[in-house]
Structure formats: structure tokens, C-alpha cells
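[1] Need a 3D model of the sequence below.
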Amino acid sequence: MNRLPFVILLSFTLIYSCKESTKEADYSASLSYGDDITFKLDSLTSFSAKSPIFLNGQWCFFNSINNSIKCFDSDFKIEKTIDLPVSGPNSLVSPMGITTDGNSIYVSDYAKNTIDLIDNEGKIILNYYLQPDELENSTHISTGLSQIKIDEQFIYVPFQGNHNNNKSINHSDPTIVRINKLDSTKALFINYPSNYQNPITGGRQSLIATTYNSKTKSLIVSFPLDHRVFELKNDGSVREHMAKSDQFDDFDGHYFNSLTSATNFKTINDKYLGNHSYWLIHYDKYTDTYIRFVNLPLEKHQMDVLNPDEATLRKYKAILLNSNFQKIGESEILKDINLELTQAKVFTTEDGVHVFAKNQENEDVMRFKTLKITYK
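    Model (predicted):
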């Protein structure tokens, strides 16, 4: 089946234009903790609010409890609410998250396969279709990890391939659709790396983490099971950069002997939770630094239950990369951060990189830990 018939401009830049070997800079950086940030919630705003974006001096979250966008002022108090229409003509069906190009808010709709530009009242004024209907169940839209990124020219949509008959992910597919905002033409980029030719069921190991560098106008892509990160340039070229953790060398623990043996939920879950992998990647424009988070394995006794609570149990480290993707540091185990798929909320201010905290015991606030990057 042609993946995106008649509307996709197939990109031959899947052959990477440049490969970068591991490089160490002649300087280093470290992480320290700053003051926590707490967003003051109202009675209808949930801790599970997604996709913090900064627009017009406000931090805005998509609140899935009542399909609204909550915008917070400089004191982190709710200043306004934008209610999204989910019934009637020209409405959203299944909003999943929000993103911005710096000027407007876009809402991703999983059911319609669209990225919808909305006005200040939440009304749809323009939409972009992602792909044909037959692929509607293969796209991951604005989860905590696989976030859509938008600049003045392009919309970048990360997605998983179709499921095979045995319910595994087809890892022969590209992973990024780039939509031209001017004429809605599309191009495909960045196939799954060679590690994904091994027997893997899919699931969380197949998700794509993205961040955007507004200075270089590049999309940065990270896979859970690859030591490299991939830089998709504005001109369509792709560069590879080694960004390896000191914690582990291979991904063998994630593989099955055969896909037919990958049928037990607990075994599938244990392979993800019980082994190292990479997770969210984030660009800090204030220090011109990339921070790549590493999933550390749960201990064996923590996986005795059918479905361990990853949000509570998972621990993380972080790799620091400079603007040239040279490794400049690797943290100790980070305290009190939650990067579970549904809660992977990270944003940056002049005060540091703010990561959703594990400890959310106060129902009146949504709390973020602050990580400060310091160059030596």
C-alpha cells in the first residue's frame, strides 16, 4: 500500500546527508536544582493537563478533562480559559494536545487526523490533514513524548507505522511527516534505525521523541532504542549525531527471539521497564543545550506485579549536549521527576528546564522541578 498516495512528496533525503561520530567537548556542564514552579489550579484543571506552550506571555495547557485550554499568567495563576467545541459544525472530535508556531494555537485531533488552527475563542479557522483515512490508527498525536512541532513554514508530525497482522509495529516505515503550511504538501523523513529490525513488539519502544531548535530551524528526533539523535534541517537534509549514555551499551534486553513469542503483556511490559532506553529530548534555548533523558531499569522486585506503576517507580538520568551535539555531561539520578508517557511535560524559562514532578500531593497546584544547566 502506498503510504500517502498522491499527496506525499517522497523525500530522498532519507539517506542521511552527514554522519557525526562521538565527540567530547573541551568543556563540560552539569545539572543542579532550582526552585520548584507551581501552577495554581482551579477546580476543573487536572494534573494530567498536556502540552505546555508559551504564547503571548502566558503558559497554556490542554485540559483533557473538559476539552479546554487553560492559560496561566506570570504568577502561574489561571488567567483565561479557551473552551474547544466538540459538537456541532466545524468542531473537534478527539482533541489530543496543543502546539504553537509562536503566533497561534494549533490543536491536534486524533479522530479527524488534522492539525487545527484555532482563534482566541477556540473556533477552527484552518486545518491541515495528516494522512489518508486508512492510516488513522497509526499516528501518535501530541502525547507527552511525540509532540508535533510547528514553525513559520512547516508542521512536523511524528508517527508510528501501521500494525502488522501479529499486532507488532511495522518498523520499515518513516517516522516524520512534514507538512508545508503554504500549500499542504507533505514529505516523509527518517526511517526507523537498524536496531528496529530486531524483533520488537512496538509500543513504547517505538515512540519518537521530538524537540525543535528555533535558532537552527531544525527538528531533533530521538528513538528509545538508538544511541544517536537525528537532526532534520529546514532544507530537508538529515544529520546523525551520537548521543550515547555511559549507563549502557546495547538494547538486547528489549528484543524477543521471535515476534510470535511476544504475546504476553507482562513480558512485553517488563522488557520496557526492566531495561535502559532513551526517552524525552528537550532543547533549552537559553543555554543552547540539548538535554536527553535516559530511562533507568526498574529493579526486579518492583516488577513482580502485573503492571508496575512507572510514574512512581521509574528513575532517570540526563545527557547534556551542546549546540554542536558534543556530549558535555551526564547527570546523577534525577530527583522527583515524572516522564511517564502521559505526563512527560517539560518546558524552559530563563530560570531553567522545568520537569513535571512526581510529587503532586497538593490538589491545588501542578508542580514542576527545575533543572539548571551550568557550563564549566
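[2] Could you use CA atoms for every contact and neighbour count after this?
    Fine.
[3] Report the separation between residue 94 and residue 111.
    Using Cα to Cα, to the nearest Å, residue 94 is found at 5 Å from residue 111.
[4] Can you give me every residue that contacts residue 213?
    219, 220, 283, 285 (Cα atoms under 8 Å, 6 or more residues apart in numbering).
[5] For residue 220, see how far away it is.
    7 Å.
[6] now residue 369
    Separation of residue 369 from residue 220 (Cα to Cα) stands at 23 Å.
[7] for residue 371, same thing?
    Distance from residue 371 to residue 220, counting by Cα to Cα: 21 Å.
[8] element containing the residue nearest to residue 193 when sequence neighbours are not counted?
    Distances taken as Cα to Cα, 6 or more residues apart in numbering put residue 226 closest to residue 193, at 7.1 Å, once the chain neighbours are dropped. Using DSSP states H and E, residue 226 sits in no helix or strand.
[9] which residues touch residue 226?
    For residue 226, the contact set (Cα under 8 Å, 6+ apart) comprises 193, 195, 278.
[10] what helices or strands is the helix or strand hosting the last one leaning on?
    Element membership for residue 278, per DSSP H and E: strand 277-284. Under the contact criterion of 3 or more Cα pairs under 8 Å, 6 or more residues apart in numbering; DSSP states H and E, the helices and strands touching strand 277-284 comprise strand 209-213, strand 218-222, strand 289-296.
[11] Off-centre distance for that strand?
    Taking Cα atoms, centre = their mean, to the nearest Å, one finds the center of strand 277-284 at 8 Å from the center of the full chain.
[12] Check stretch 339-350 too.
    Distance of stretch 339-350 from the chain centroid (Cα atoms, centre = their mean) equals 9 Å.
[13] mean confidence score for that stretch?
    Confidence for stretch 339-350, expressed as mean pLDDT, is 90.
[14] CA atoms only for that stretch, dumped as PDB, please.
    The C-alpha trace of stretch 339-350 is given here as PDB (Å, rounded to 0.1, in the frame of the first residue of the first chain):
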ATOM      1  CA  LEU A 339       8.500  11.500  32.500                       C
ATOM      2  CA  GLU A 340       5.900   8.700  32.100                       C
ATOM      3  CA  LEU A 341       4.400   8.900  28.600                       C
ATOM      4  CA  THR A 342       1.100  10.600  29.600                       C
ATOM      5  CA  GLN A 343       2.800  13.100  31.900                       C
ATOM      6  CA  ALA A 344       6.100  13.900  30.100                       C
ATOM      7  CA  LYS A 345       5.700  17.700  30.500                       C
ATOM      8  CA  VAL A 346       8.900  19.800  30.100                       C
ATOM      9  CA  PHE A 347       9.300  23.400  29.300                       C
ATOM     10  CA  THR A 348      12.100  26.100  29.600                       C
ATOM     11  CA  THR A 349      12.300  29.600  31.100                       C
ATOM     12  CA  GLU A 350      15.300  31.800  31.900                       C
END
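[15] So which bits of that stretch are buried?
    With burial defined by 16 or more other Cα atoms under 10 Å, the residues of stretch 339-350 counted as buried are 339, 340, 341, 343, 344, 345, 346, 347, 348.
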